[in-house]
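# following is a predicted model, sequence given first.
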Amino acid sequence: MTTLYLAAIAFGVTLLLATLLLGGKDTDHGDSGDVGAGLAFAPVMSLRFWVFLLAFGGGAGYALTRLGSSELVAALGALGIGWTAGAIAVLVVRKIGKDSVSSGVETTELVGTTGTLTLPVGPGKPGKVRVDIKGRSEDFVATLIDENGELPTGAPVLIVAEGERGSLLVAKGEM
């Protein structure tokens, strides 16, 4: 059994180092509907779970064996500690992922904000609007909702709605 524990440690640590150094993504499918409602909570669908199970479970089994525990006690201890370590790792990463804030900008978030035209816009003539949001400037295709003339480059506009394919519907803004 000692060889099995050492192999588990080696494999788990190798996978852990590879994911840390290579920046690998976890194939965590625990929250998806693809695995069915019965396994949605189970951490076994995560690569991260198996990495921690092997590394920590192997280490615990090896340590318990070296301390003179019986094979049964070492195997149960290895399984319990490995499972716990893997489950905790998956839960921590899921919690961090749910609480993290995205810096991505959705066009629906822009409704009600103002921007500045970088290309003129008119009836039937799309232009471009620059919007400052989340600490950066983003450019979007702008379509004028007013049929009364054209707005020049540099004009302030109010974003009133999301248009087709991520474009923005704009109206003349206040100066």
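Everything's here; your move.

# going forward, measure contacts between C-alpha atoms and count neighbours the same way
Noted.

# could I get the buried residue list for the helix or strand harbouring residue 78?
Under DSSP states H and E, the secondary-structure element containing residue 78 is helix 71-99. Buried positions in helix 71-99, judged by neighbour count with 16 or more other C-alpha atoms under 10 Å: 74-75, 77-87, 89-90.

# elements contacting it?
helix 47-66 (3 or more C-alpha pairs under 8 Å, 6 or more residues apart in numbering; DSSP states H and E).

# what's stretch 159-170 in contact with?
107-108, 110-115, 140-145, 157-158, 171 (C-alpha atoms under 8 Å, 6 or more residues apart in numbering).

# give me the below-cutoff pLDDT ranges for the chain.
For the chain, the stretches with pLDDT under 70 are 23-42, 99-107, 175.

# so residue 147 versus residue 131, what's the distance?
Residue 147 is 23 Å from residue 131, where distance means C-alpha to C-alpha, to the nearest Å.

# looking at the two, which one has more neighbours?
When neighbours are counted by other C-alpha atoms under 10 Å, residue 131 comes out ahead of the other of residue 147 and residue 131, with 19 against 9.

# can you spell out which helices and strands pack onto the host helix or strand of that one?
Following DSSP H and E, one finds residue 131 within strand 127-133. If you count contacts as 3+ C-alpha pairs under 8 Å, 6+ apart, strand 127-133 packs onto strand 114-119, strand 136-144.
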